[in-house]
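1. 3D, please:
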Amino acid sequence: RLANQIFENLEALEHALGEALRPYWEEPAHLRRLTAYPWWLKGLNSTQTFL
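-> Numbers count the residues shown, from 1 in each chain. As a prediction, this is how the structure comes out:
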């Protein structure tokens, strides 16, 4: 969804990234199953969603 695209501006890129990452904020267990890296989980638990 993000590959091979040119975005009009940084806001459009930020929006596209946010939408691509939304499933991981909404379901942290999915990220845990995919990575199992402790720093990902720590970062995920300490960030607040802005979307």
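2. helix/strand/coil for the spatially most central residue of the chain?
-> Closest to where the C-alpha atoms of the chain average out (CA atoms, centre = their mean) is residue 21, at 2.5 Å. Secondary structure for residue 21, judged by DSSP: H, G, I helix; E, B strand; the rest coil, is helix.
3. ok, it - contacts?
-> Applying CB atoms under 8 Å, 6 or more residues apart in numbering, we find residue 21 in contact with no residue. For every residue, glycine as well, the C-beta is placed using N, CA and C.
4. quick one: low-confidence parts of this protein?
-> Applying pLDDT under 70 to the predicted model, the residue ranges of the chain that meet it are 36, 40-41, 44, 47-51.
5. circling back: measure the residue nearest to the centre of the chain to residue 27 for me?
-> Separation of residue 21 from residue 27 (CB to CB, to the nearest Å): 11 Å.
6. what about stretch 3-13, distance to the chain center?
-> Using CA atoms, centre = their mean, to the nearest Å, we find the averaged C-alpha position of stretch 3-13 to lie 16 Å away from the chain's own average C-alpha position.
7. contact partners of that stretch?
-> residue 16.
8. kindly export that stretch (C-alpha atoms) in CSV.
-> Coordinates of each C-alpha in stretch 3-13 appear next as CSV, following Å, rounded to 0.1, in the frame of the first residue of the first chain:
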residue,chain,number,x,y,z
ALA,A,3,5.4,0.9,-1.8
ASN,A,4,6.1,2.7,-5.1
GLN,A,5,4.1,5.7,-4.2
ILE,A,6,4.9,9.4,-4.3
PHE,A,7,3.1,11.5,-1.7
GLU,A,8,2.0,15.1,-2.2
ASN,A,9,3.5,16.1,1.1
LEU,A,10,4.6,14.9,4.5
GLU,A,11,1.1,15.0,5.9
ALA,A,12,-0.1,12.6,3.3
LEU,A,13,2.8,10.3,4.0
